[in-house]
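Model the following, please.
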Amino acid sequence: MKYLTIAVSLLLLSACSMPLVALAQPVPAHGAGPARGNDGPPPALGPGPGGAQGLPPFLHGIALSEAQQDKVFAATHAQAPLLREQQKIAFKAHEQLRQLAASSTYDDARAGALANTAGQAMAQISLLQARLEQQLLALLTPEQRQQVEQRRAEHAGQPRAPR
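The predicted structure follows:
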C-alpha cells in the first residue's frame, strides 16, 4: 500500500509538472513557427477536466453507470476552477522568477519567495488531484476498483507515452 501511495504521488506530481516543463522550453526564433505570447498562463489543457470523455485516465475502459458518470462529471468540473487558479499562481510565480533571474536587480530573498509560491501552488495541485482521485475511487464498485488496480499493476513497469 505504501508503494502504491508513493507511485500515485509521483505520477500526480509528474503530471502536474508537465505544463511547467512545456513553459520552460525556448521560444522559437522570430518567424520560425507560431509564437504564443507569454503574457498569461497557458490555456487549460485539453477539452476539459479529464480529457475528451471527461474521465481521468485511470477510469478509461471502466464501464460506469450513468449515475457514476454524472458524479464523475460533477466532481471533475467542480474541481476545474480550483486547479486553474493554482495553475495561474504557479505560472505567474515562475514567470516572475524568470524575469528576476534575468534582471540586473536580482534579489535572492525575492527569488526564494517566488520559488516557494510556485512550489506551494504545485503542491496544492497535487493535493487537489489526489483528493479527486480518492473521491472518484469511492464512487466505484468493488469490482470496478479491482479493475483499476489490475490496470495499474499491468502498467506499473511500462514507460509512459510522450505527450
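
next helix or strand past the lengthiest helix in the chain?
As assigned by DSSP state H, the longest helix anywhere in the chain is helix 66-102. Using DSSP states H and E, the helix or strand that follows helix 66-102 in sequence is helix 108-139.

from memory Ala121 sits against Leu83, does it?
No - using Cβ atoms under 8 Å, Ala121 is not in contact with Leu83; the gap is 10.3 Å. Just so you know, the C-beta spots here come from the backbone N, C-alpha and C atoms, and that holds for glycine as well.

Comparing the two, which residue is more hemmed in?
Between Ala121 and Leu83, Ala121 has the larger neighbour count (other Cβ atoms under 10 Å), namely 22 against 19.

tell me the contacts of that one?
Residues counted as contacts of Ala121 (Cβ atoms under 8 Å, 6 or more residues apart in numbering) are 86-87, 89-90, 93.

per-residue confidence at it?
According to the prediction, Ala121 has pLDDT 96.

picking that back up, give me the buried positions along the longest helix of the chain.
Within helix 66-102, the residues scored as buried using 16 or more other Cβ atoms under 10 Å are 68, 71-73, 75-76, 79, 83, 86-87, 89-97.

Mind giving me the packing neighbours of that helix?
helix 2-23, helix 108-139 (3 or more Cβ pairs under 8 Å, 6 or more residues apart in numbering; DSSP states H and E).

how about the longest one: buried residues?
Judged by neighbour count (16+ other Cβ under 10 Å), helix 108-139 contains these buried residues: 114, 117-118, 121-122, 124-126, 128-129, 132-133, 135-136, 139.

which of these sit farthest apart?
The distance between the two most remote of these (Cβ to Cβ) is 38.2 Å, for Leu114 and Leu139.

In the chain, where is pLDDT below threshold?
1-54, 160-161, 163 (pLDDT under 70).

let's go with 90 and repeat that
Within the chain, the ranges that satisfy pLDDT under 90 run 1-58, 60-61, 151-163.
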